[in-house]
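Trainee: build the 3D model from these lines:
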Amino acid sequence: MASDKAQVKLYWLEKSRAQNILWLLEELKIDYEIETFRRGSDMLAPSELKKIHPLGKSPLVSVTPPGPSSEPIILAESGFITQYLSEHFGHETTMMPKRWKEGQEGKVGGETEEWMRWQYLLHFVEGTFMSTLIIAVVVGMLKSNKIPFFLRPITSMVANQILSSFILPNLKGQLGFLEKQLETSSGDYLCGKNLTSADVLLSFGLLSVRDRLEEYGSWPAGGPQGVYPKLFAYSTRLESQPGYKKSVEKIKEIDSSLGIEF
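Mentor: Take a look at the predicted model:
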């Protein structure tokens with residue numbers, strides 16, 4: 001007998017941004033399955049993921065509409081996944097703000113400020129913020145023990161120069177932008193009073209980089225927390241969300257089943 005609900009599956013890869021989507025699925029309060037994958041010795045995604053999507057990256061989500069002959073819809077790219085799931089499953093949640101002002105439906109400029117923030121932030125996180133963080137990770141590898149020890153002093157010096165002169169100024173600008181968004185949102189979250197999927201999407205990158213900022217270069221007295229007090233308080237609020245905590249517990253279960261230390 002066919003289900004009258006869409007079937008959702010998250011393809012989980014260890015140590016990936018699938019954590020964001022897991023939290024989102026918890027907030028959407030829908031039933032979902034998880035299929036797990038391990039990275040290879042080269043830390044790249046396994047080739048099996050390419051059978052699901054040609055790029056073979058994670059996260060991936062399949063959504064099978066209700067009906068006996070429905071084919072699964074494969075969603076890739078975190079921003080697109082977040083928007084699609086929010087639009088189709090988020091109507092009884094706060095994950096997607098109301099789009100239109102009363103009486104302005106479909107008109108240019110008729111969108112609410114909350115929706116405009118939400119839509120922009122989905123693109124900001126993926127197009128700007130995560131790009132900077134990924135470059136930082138790649139440059140940071142020049143200081144890792146994978147570099148021969150006799151070359152490491154040179155590569156570390158180059159890495160530190162790139163981090164302090166290029167990556168950190170860009171990152172400071174982006175964090176300053178987020179600080180301002182919190183100052184002007186009229187609430188505790190980036191789009192307003194309610195947690196949305198834009199906050200969820202941002203969480204992985206923000207929480208990953210928060211405690212490493214001082215590694216990238218110099219800061220004034222008080223450090224990054226003194227410069228971005230609202231952003232640091234906001235990041236703590238994200239960690240206190242029930243859905244976030246539940247997703248962390250699920251990740252621990254998944255990692256344990258794969259023999260990975262969380």
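Trainee: show me what contacts Ser197?
Mentor: Leu24, Glu27, Thr82, Gln83, Leu85, Ser86, Gly90, Met95, Met96, Trp118, Leu122 (C-beta atoms under 8 Å, 6 or more residues apart in numbering). From N, CA and C alone the C-beta is placed, and that goes for glycine too.
Trainee: just the ones in helices from the residues you listed, please.
Mentor: Residues of the contacts of Ser197 located in helices (DSSP state H): Leu24, Glu27, Thr82, Gln83, Leu85, Ser86, Trp118, Leu122.
Trainee: can you add neighbour count and give these back as a markdown table?
Mentor: Shown next, in a markdown table, are the ones in helices among the contacts of Ser197 (neighbours: other C-beta atoms under 10 Å):
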| residue | neighbour count |
| --- | --- |
| Leu24 | 28 |
| Glu27 | 25 |
| Thr82 | 29 |
| Gln83 | 21 |
| Leu85 | 24 |
| Ser86 | 25 |
| Trp118 | 27 |
| Leu122 | 21 |
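Trainee: redo those residues as a markdown table? Include pLDDT and distance to Lys50.
Mentor: As requested, the ones in helices among the contacts of Ser197 are exported to a markdown table (pLDDT from 0 to 100; distance: C-beta to C-beta, whole Å):
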| residue | pLDDT | distance to Lys50 |
| --- | --- | --- |
| Leu24 | 97 | 24 |
| Glu27 | 96 | 29 |
| Thr82 | 97 | 22 |
| Gln83 | 98 | 24 |
| Leu85 | 97 | 23 |
| Ser86 | 98 | 27 |
| Trp118 | 98 | 32 |
| Leu122 | 97 | 26 |
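Trainee: closest to Ile34 among the residues you listed?
Mentor: Ranked by distance to Ile34 (C-beta to C-beta), the ones in helices among the contacts of Ser197 are led by Leu24 at 13.3 Å.
Trainee: which ones are touching the nearest residue to that closest one once chain neighbours are set aside?
Mentor: Counting by C-beta to C-beta, 6 or more residues apart in numbering, Val200 is the residue found nearest to Leu24 once chain neighbours are left out, at 5.0 Å. When contacts are counted by C-beta under 8 Å, 6+ apart, Val200 is found next to Asn20, Trp23, Leu24, Glu27, Thr82, Met95, Gly243.
Trainee: thinking the fifth one is in contact with Asn20, fair?
Mentor: When you say that, I think you mean Thr82. Yes: contact criterion C-beta atoms under 8 Å: Thr82 and Asn20 qualify, at 7.4 Å.
Trainee: now the common contact residues for the two.
Mentor: Val200, Leu201.
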